[in-house]
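1. below are the sequence and a predicted model for it; my questions follow.
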There are 4 protein chains.
Amino acid sequence: MMQSELFLDVRYYETDQMGIVHHSNYVRYFECGRTDMLKKAGLPIEKIEEAGVMLPVVSVECRYKVPARLGDILKIVSIIDSLPLAKLTIRNEIFNQDNQLVAEGKVVLGFIDADSRRPVRCPKMLTEFFEKHI
Amino acid sequence: MMQSELFLDVRYYETDQMGIVHHSNYVRYFECGRTDMLKKAGLPIEKIEEAGVMLPVVSVECRYKVPARLGDILKIVSIIDSLPLAKLTIRNEIFNQDNQLVAEGKVVLGFIDADSRRPVRCPKMLTEFFEKHI
Amino acid sequence: MMQSELFLDVRYYETDQMGIVHHSNYVRYFECGRTDMLKKAGLPIEKIEEAGVMLPVVSVECRYKVPARLGDILKIVSIIDSLPLAKLTIRNEIFNQDNQLVAEGKVVLGFIDADSRRPVRCPKMLTEFFEKHI
Amino acid sequence: MMQSELFLDVRYYETDQMGIVHHSNYVRYFECGRTDMLKKAGLPIEKIEEAGVMLPVVSVECRYKVPARLGDILKIVSIIDSLPLAKLTIRNEIFNQDNQLVAEGKVVLGFIDADSRRPVRCPKMLTEFFEKHI
């Protein structure tokens, strides 16, 4: 298992007229979480893309529990349970500073060759990386 | 069943460095679709909120099929299959100008009293509206 | 002079917790306006980029007059007064459905060679286009 | 003079198909910078709003110098030179990790009574705060 935590302040522009963080932003928080997880483990996403691999999103799920608000400091937890084959699955949980579960979800990424734009199996550089970390 | 179509041009700021529409924007397209569906049926969301009811998102699911790109004109299809009780479920499909399925998903909304911020069952004004349209 | 109008509904996610459209979105509306102006005149931005020219933003100015709100239908006016040389200047005005001036501003674009990423003078394809339309 | 620095990682969703941070996001970075400046000085924006004062944006200017990219860690500098009367002016500079000036600009905020939504002079709680810090 590979797990990571990222702390983010809610940004004003992320709120909507309900006075809470707009629901679309949690999908972006998930992305921030997994991007940061890879970076901390030594493989930032821009290096993966420079190597000719793209990781487009195949599916997203998010369940909203407690609204996040301006002033909240959110903990974005990202978890990879198992080695990716054709796809990489990341589970996410978001907590606020009172340790309430704000949202949880799951993101599935594919692997694409940047030139051909065709799906490929998890490239060797990523398999080796994940074998070391999961 | 209640169904609606909304056509949207992809906006430049919605693209990302993969050269495609960033995945988080489809969640926003879904919102544009359902907001427009309500508006066309005579009940814009701002009237619902003025009546003291808010419709926070409970869950979102999205599966990505074919990437959308700048220049695409997207058709956002929104479908409500059945009368809401405690929750309102909307199915969405997004097609491009070549009639390819770009993305599909499901959004579940709750009903909240704007003052107490507590969940309520579907308010009468909305039940009557949906009975007329579904 | 080249002038164009685009009508946009305010989107829910564009509002913030002040209950109005977040100020950053007007910069995006300006972009929607000029992109649409070029498209209507027969030269969509994706064609310009396919020809190897990018138009990065050099500067933006926006003055906010009357807040836009959910339910508003905004008219984005884009105006090019003179032929571009090293830079292209676009003036923008945004009006609501009551013909109130919501915001006004100015955007300056540069021309960049997509390969070298170096500034260039306005390319021939664009000069000819603007000579025909301005 | 009041000055503050905030460090932000570029987020993937902030990039566009030019492969750089979309220009509208700098306006949002400016907001992050000034919000953080107020927070660090002990007066988070949500406390100001709870006290019935809103700070809508009156004008924004931004000049773009060097594009920001994924992987960049941006330093957002926010500077208030003088005590606000009817308006609060904040200057911003954004630098990358190589200390290059990425963008610079100026944001002017007004003061609004949250109930009446009418402009007011800088409220006492804010005047006292700024007298202590500027």
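-> On my side now, so go ahead. Residues are numbered from 1 along each chain as shown, chains lettered A, B, ... in the order given.

2. give me the next element, helix or strand, following the longest helix seen in chain A.
-> Under DSSP state H, the helix in chain A containing the largest number of residues is helix A:24-40. Beyond helix A:24-40 on the C-terminal side, the first helix or strand identified by DSSP states H and E is helix A:45-50.

3. so the longest helix of chain A versus helix B:24-40, what angle?
-> The directions of helix A:24-40 and helix B:24-40 differ by 180 degrees, with axes from the mean of the first three to the mean of the last three C-alpha atoms, to 10 degrees as the criterion.

4. helix A:24-40 and chain C in contact?
-> Yes: using C-beta under 8 Å from any C-beta of the partner chain, helix A:24-40 comes into contact with chain C via A:S24. Placement of C-beta: from N, CA and C, glycine included.

5. by contact count, what packs against that helix?
-> Using 3 or more C-beta pairs under 8 Å, 6 or more residues apart in numbering or on different chains; DSSP states H and E as the contact test, the elements touching helix A:24-40 are strand A:2-9, helix A:45-50, strand A:57-64, strand A:73-80, strand A:87-95, strand A:101-110, helix B:24-40.

6. the second one and chain D, are they touching?
-> Yes: remark: helix A:45-50 sits within contact range of chain D at A:I45, A:E46, by C-beta under 8 Å from any C-beta.

7. any idea how far that helix is from the chain center?
-> Averaging C-alpha positions (C-alpha atoms, centre = their mean, to the nearest Å) puts helix A:45-50 15 Å from its chain's average.

8. list the buried residues in the longest helix of chain A.
-> Judged by neighbour count using 16 or more other C-beta atoms under 10 Å in any protein chain shown, the buried positions of helix A:24-40 are A:24-39.

9. repeat for stretch A:39-47
-> Neighbour counts over stretch A:39-47 (16+ other C-beta under 10 Å) mark A:K39, A:L43, A:P44, A:I45, A:E46 as buried.

10. for it, how far is the first residue from the last?
-> This stretch, stretch A:39-47, spans 9 Å end to end (C-alpha to C-alpha, to the nearest Å).

11. could you look up the SS state of the residue of chain A positioned farthest from its centre?
-> In chain A, the residue that sits farthest from the middle, by C-alpha atoms, centre = their mean, is A:Q17; the gap is 26.0 Å. For A:Q17, the reduced secondary structure class is coil; criterion used: DSSP: H, G, I helix; E, B strand; the rest coil.

12. hang on, it packs against C:V10?
-> No: using C-beta atoms under 8 Å, A:Q17 makes no contact with C:V10, being 10.2 Å away.

13. common neighbours of those two, please.
-> Taking C-beta atoms under 8 Å, 6 or more residues apart in numbering or on different chains as the contact rule, the neighbours common to A:Q17 and C:V10 are C:L70.

14. ok, back up a step: for the buried residues of stretch A:39-47, which one is nearest chain C?
-> Closest to chain C out of the buried residues of stretch A:39-47 is A:E46 (16.2 Å), distances taken as C-beta to the nearest C-beta.

15. ok, now which ones touch the closest one?
-> In this structure, A:E46 makes contact with D:R69, D:L70, D:G71, judged by C-beta under 8 Å, 6+ apart.

16. just give the closest residue to the second one, not the sequence neighbours.
-> Here the nearest residue to D:L70 in space, its sequence neighbours aside, is A:E46; by C-beta to C-beta, 6 or more residues apart in numbering or on different chains that works out to 4.8 Å.

17. what's the answer for the first one, then?
-> What sits nearest to D:R69 in space, not counting adjacent residues and going by C-beta to C-beta, 6+ apart, is D:I20, at 5.8 Å.

18. test my guess that that neighbour contacts D:G71.
-> No: the pair D:I20 and D:G71 does not pass the contact test of C-beta under 8 Å, sitting 11.6 Å apart.

19. same drill for those two, tell me which one is more crowded.
-> Legend: neighbour count by other C-beta atoms under 10 Å in any protein chain shown for D:I20 and D:G71, higher for D:I20 (22 against 17).

20. against C:P56, how distant is that one?
-> Between D:I20 and C:P56 the computed distance is 7 Å (C-beta to C-beta, to the nearest Å).

21. between the two, what contacts are shared?
-> With contacts defined as C-beta under 8 Å, 6+ apart, the residues shared by D:I20 and C:P56 are D:P67.

22. interface residues of chain A facing chain B?
-> Counting by C-beta under 8 Å from any C-beta, the residues of chain A lying close to chain B are A:17-18, A:20, A:23-25, A:27-28, A:31, A:49, A:54, A:56-64, A:67.

23. flag every residue of chain A that's near chain D.
-> Selection of chain A residues close to chain D by C-beta under 8 Å from any C-beta yields A:9, A:11-13, A:28, A:31-32, A:35-36, A:44-46, A:69-71.
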